[in-house]
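S.K.: this is a predicted model, with the sequence first.
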Amino acid sequence: MLNRYPELINVIERSDTVKSSRKEKVNPEIYRRQIREAMEYTDNWHNRYRGANEIASVIAIGDKFLENSDYENAFIVYDAAIQETLDNYYMVHDEGEIASEIDSAIEELSVCLSKQEEGSESRLKILKDLFNVKKWDIEQGGFGIGDEVPVILTDDTTNNERKIIIDWIDNAMSEGVSSWGQDAWGYFLLTLFDADNNDEGFLKKAEELDLYKPMFDKLVLLKRIDRAIEIARNHLTKSDWDRLNACKKFAEIGFIDEALAFALEGLSDCKDNRLKEWLAEIYEKQKEYSKSLDLYLQIWEERPGLKRYKNIKRLAGILSNWSDLKKELIQGLEEKTDFDLLAEIFLFEKDWNTAWNYADKIQRSWMSYSDIKLKLAEAFDKDCPDRAIKVYLDYAERLINRRGRGNYAEAASYLKKILNVYSRIGDRKTGRKIIADIRIKYCKLPALRDEMNKAEL
């Protein structure tokens with residue numbers, strides 16, 4: 001029978017090893033062979049799941065040994081499953097199914113680790129196995145397999161074990177790695193130094209590896225501000241975003257003057273408005289309203305928006321020069337024909353007629369629509385029902401013309417709004433006629449008819 005059904009060999013062998021009551025070492029080749037066979041047949045979506053299930057079945061055997069406190073055999077099975085899968089990973093186009101099984105085995109390996117005596121050979125084997133998973137992932141460019149390994153090797157290890165792991169990392173880095181790999185190993189190393197509260201080792205290693213962001217963060221935490229400023233000036237000014245984060249770090253621990261000074265140093269070349277906005281917020285908190293307003297006006301010139309309009313209005317109100325400044329802002333937007341923002345501003349100001357007038361000037365293609373018109377309609381369909389109905393109907397038809405059930409469902413929701421508005425003004429008959437006209441006009445669209453029926457139209 002085994003000649004006719006060779007796949008039964010795996011089943012019999014695996015069954016015998018689990019059923020054995022004696023704690024004899026199992027043969028890892030049994031499980032490696034099953035993994036190899038599973039990986040060979042993962043050329044499509046269906047087989048990939050099948051392969052992942054086969055790997056899971058091997059890991060389940062390790063789980064059974066673990067339940068029986070047979071940690072040695074559990075390790076053998078997990079190790080076979082992990083190593084054989086990684087050795088053959090190039091064969092598959094994995095979308096997470098196989099990787100998740102490996103992560104499951106890694107999680108169980110951490111349980112095995114916790115059951116071993118400190119300093120034992122078996123514990124060191126598990127640590128090395130876990131380390132090799134991370135090493136493989138970094139060498140492959142980062143598939144994300146074993147992302148929890150650094151946490152395990154940091155949190156679940158002793159000081160002496162972490163020293164050994166640091167040596168392993170140093171050796172791995174000496175073999176030559178990519179720039180990304182250098183950073184990945186570097187951050188791993190820093191977590192190990194951090195776990196031992198070795199601040200000086202952390203800072204030294206960070207500088208050796210050119211990892212200036214974590215070095216800066218550590219210096220700030222230690223309140224070595226002069227050195228932190230030096231590192232920030234020399235290495236954290238390549239982008240406005242880096243500078244902003246450094247400013248925030250200084251501010252978080254109460255060094256506001258240092259934060260402001262560092263921000264101002266980069267202001268002349270600043271291209272990221274987030275730095276200017278942060279600085280404006282700090283100035284406002286310090287009641288330096290003119291400085292804050294000047295920054296918001298600079299941002300407005302580059303990229304006007306409703307949020308910035310509100311900030312400028314608030315500050316100009318404090319400084320009693322809002323009336324004249326408002327006219328300048330509105331005039332500037334009119335010259336740019338930014339009718340969307342103008343309509344949004346007057347919607348915020350609750351000047352309905354002016355908002356509608358600007359909204360009517362907005363030009364759109366038949367396939368697009370102005371969000372502000374919908375906002376106006378939804379905000380004021382009680383006060384301006386005729387205008388709201390026109391907007392709802394126009395938008396509903398645009399959605400219908402785009403085709404697709406999702407668009408039909410959304411169109412039906414706006415037709416429902418039309419009916420509700422007419423009901424509110426006591427003219428439900430006209431509303432029903434509009435709905436009927438839509439049904440006639442688009443009678444060849446059964447999906448639309450179905451969505452309208454669902455909406456009870």
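M.R.: In hand now; what should we look at?

S.K.: residue boundaries of the helices in the stretch 101-250 of the chain?
M.R.: For the stretch 101-250 of the chain, the helices defined by DSSP state H, counting those that start in this stretch occupy 121-139, 149-155, 159-174, 179-195, 199-208, 212-221, 225-235, 240-252.

S.K.: from the contact counts, what lies against the first one?
M.R.: Here helix 121-139 is seen to pack against helix 71-87, helix 97-114, helix 149-155, helix 159-174, helix 179-195 when contacts are counted using 3 or more C-beta pairs under 8 Å, 6 or more residues apart in numbering; DSSP states H and E. All C-beta spots, glycine's among them, are computed from the backbone N, C-alpha and C.

S.K.: now do residue 145 against residue 137, distance only.
M.R.: From residue 145 over to residue 137 the distance is 5 Å, taken as C-beta to C-beta, to the nearest Å.

S.K.: find residues that contact each of these two.
M.R.: Common neighbours of residue 145 and residue 137, using C-beta atoms under 8 Å, 6 or more residues apart in numbering, do not exist here.

S.K.: just put the helices of the stretch 101-250 of the chain in a markdown table and tack on distance to residue 285, mean pLDDT and mean neighbour count.
M.R.: Output for the helices of the stretch 101-250 of the chain, formatted as a markdown table (distance: least, C-beta to C-beta, whole Å; pLDDT from 0 to 100; neighbours: other C-beta atoms under 10 Å):
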| stretch | distance to residue 285 | mean pLDDT | mean neighbour count |
| --- | --- | --- | --- |
| helix 121-139 | 44 | 93 | 19 |
| helix 149-155 | 38 | 92 | 18 |
| helix 159-174 | 43 | 91 | 15 |
| helix 179-195 | 33 | 87 | 18 |
| helix 199-208 | 32 | 89 | 16 |
| helix 212-221 | 20 | 91 | 19 |
| helix 225-235 | 21 | 93 | 17 |
| helix 240-252 | 10 | 92 | 19 |
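
S.K.: list the buried ones in the one helix or strand residue 376 maps to?
M.R.: Assessed by DSSP states H and E, residue 376 sits inside helix 371-380. Neighbour-count burial for helix 371-380, counted by 16 or more other C-beta atoms under 10 Å, picks out 372, 373, 374, 375, 376, 377, 380.

S.K.: tell me what the next helix or strand after it is packed against?
M.R.: Sequence-wise, the next helix or strand downstream of helix 371-380 (DSSP H and E) is helix 385-402. Contacts defined by 3+ C-beta pairs under 8 Å, 6+ apart place helix 385-402 against helix 371-380, helix 405-424, helix 428-441.

S.K.: and the contacts of the helix holding residue 376?
M.R.: Residues outside helix 371-380 that contact it (C-beta under 8 Å, 6+ apart) are 340, 343-344, 347, 352, 355-356, 359, 362, 384, 387-388, 391-392, 395, 417.

S.K.: where does this structure dip in pLDDT?
M.R.: Applying pLDDT under 70 to the chain flags the ranges 1-23, 41-48, 364-370.

S.K.: how does it divide into domains?
M.R.: The record's domain parsing of the chain by automatic domain parsing lists 1-115, 381-457.

S.K.: nearest to residue 317, out of the ones you listed?
M.R.: Closest approach to residue 317 among those is made by domain 381-457 (26.7 Å; C-beta to C-beta).

S.K.: and the closest residue to residue 178 other than its chain neighbours, how many neighbours does it have?
M.R.: Once flanking residues are discounted, residue 178 sits nearest to residue 141: 7.3 Å by C-beta to C-beta, 6 or more residues apart in numbering. Using other C-beta atoms under 10 Å, the number of residues around residue 141 comes to 10.
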